[in-house]
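Q: Sequence and computational prediction follow.
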Amino acid sequence: MHIAVYVPLLLSLLAPFGARPLSERCEPRLATWLLTTSSLVLGAASTISLGLLTATGLIRVPQLADLGDWSSNSARRDDPTQLSIALIAGLLLGGAVLAAARMLWRRVRTLAAAAMDAACMPARDGLVVVDDDSADAYALPGLPGRIVVSTGMLHTLDETEHNILLAHERAHLTAHHYAFVALAQLGAAANPLLRPLATAVTYTIERWADENAATSTGDRKRVARTVGKAALAAHRTPALARAAGAALGILGRRGPLASAGPVPRRVAALLAPPPGRHPTLAAATAAVLTAATLATAEAAHDLHLLLRTIGAW
């Protein structure tokens, strides 16, 4: 545990520097998977590391050591971790667990509310048109999900742009983008250092949906124009009320075309050639996650050996 236990914490400090390159250079679907997995793995690994450090402090308490037939004196002598570090780790661990549990509970409740809203909405081919002058459109998760579009948004766009808008929103539903965002935010709740990764996921799912719309229509420039036009219209008008809040409470944001991700960056990406997979970035991400996993396993093994040693006294 001399070094291995600190590796996931160090990698959590470095990981946010890779969020922007992944979100900008990698194909959006791949970038979303890599960023979400990174947030989850590093969030879990860093939480486990805090737990291991906390355990080294707990076994020094005579009353707790007696419960495990350990020698607290031997623990103080053989354990390289300072007691002050163990105490700080314990406080951070408590905060991480509470934050992750609170976030998970809120997301589950919001998903259930969204599913109930979707089930109560009469729809034709999954589309719900709301008579509202506000320009808004969003995907509402459910079984099945719904695409909700206001008449204000339909009046803003022409027929071709309607198809682009629907292709974008269908991509959110079929690819379960709300789940990617929720999982990335769960990792960031456990480890606030990973918040840039969760923020990047909210951008890459929009890029993923944009690329789906571009593929289905075959006109990247028209999709870019539609994204900018819809975002501008939604920004100028009030948002739809309760159902949008239920859906995008899961995503952690307001309407996908309106404020989910920097729109100028999305438009610029659509005006450029489609992004590649960039295997070097993918390999580097895999290496970081492997290092975090192996370091956590090594630290846990070291603690196991320590407990065996002090238990022999």
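A: Structure received.
Q: Which stretches in this protein count as strands?
A: Taking DSSP state E, the strands of the chain run over residues 127-130, 137-140, 146-150.
Q: Tell me which of those strands lies nearest to Trp33.
A: strand 137-140 (19.2 Å; CB to CB). Glycine gets a C-beta too; all of them are placed from N, C-alpha and C.
Q: how much distance is there from that closest one to the middle of the chain?
A: With CA atoms, centre = their mean, to the nearest Å as the basis, strand 137-140 stands 19 Å off its chain's centre.
Q: if we look at stretch 85-97, which residues are touching it?
A: 46-47, 49-51, 53-54, 56-58, 60, 189-191 (CB atoms under 8 Å, 6 or more residues apart in numbering).
Q: ditto for stretch 174-181
A: Residues contacting stretch 174-181 (CB under 8 Å, 6+ apart): 29, 32-33, 36, 111, 139, 141, 171-172, 198, 201-202, 205, 208-209, 212, 247, 250-252.
Q: again, but for stretch 21-31
A: The contact list for stretch 21-31 (CB under 8 Å, 6+ apart) reads 34-35, 175, 200, 203-205, 207-208, 210-211, 265, 269, 274-278, 281-282, 285.
Q: Run the chain-centre distance for it.
A: On the basis of CA atoms, centre = their mean, stretch 21-31 sits 14 Å off its chain's mean C-alpha point.
Q: now, the most widely separated pair of the contacts of stretch 85-97?
A: Taking CB to CB as the measure, the contacts of stretch 85-97 span a maximum distance of 29.7 Å, between Arg60 and Ala189.
Q: I'd say Leu127 and Ser150 touch.
A: No - counting by CB atoms under 8 Å, Leu127 stays clear of Ser150, with 12.0 Å between them.
Q: Those two: which is more packed in?
A: A side-by-side neighbour count of Leu127 and Ser150, using other CB atoms under 10 Å, places Ser150 first with 25 against 14.
Q: now the more buried one, which residues is it bridged with?
A: Per DSSP bridges, the residues bridged to Ser150 are Val130.
Q: Which residues are in contact with it?
A: For Ser150, the contacting residues are Val129, Val130, Asp131, Asp132, Asp133, Ser134, Ala135, Asp136, Ala137, Leu240, by CB under 8 Å, 6+ apart.
Q: Report pLDDT for the first one.
A: Reported pLDDT at Val129 in the predicted model: 88.
Q: So what's the residue count around the spatially closest residue to Leu40 that is not a sequence neighbour?
A: Counting by CB to CB, 6 or more residues apart in numbering, Leu40 lies nearest to Gly187, which is 4.6 Å off, once chain neighbours are set aside. Gly187 has 29 neighbours, counted by other CB under 10 Å.
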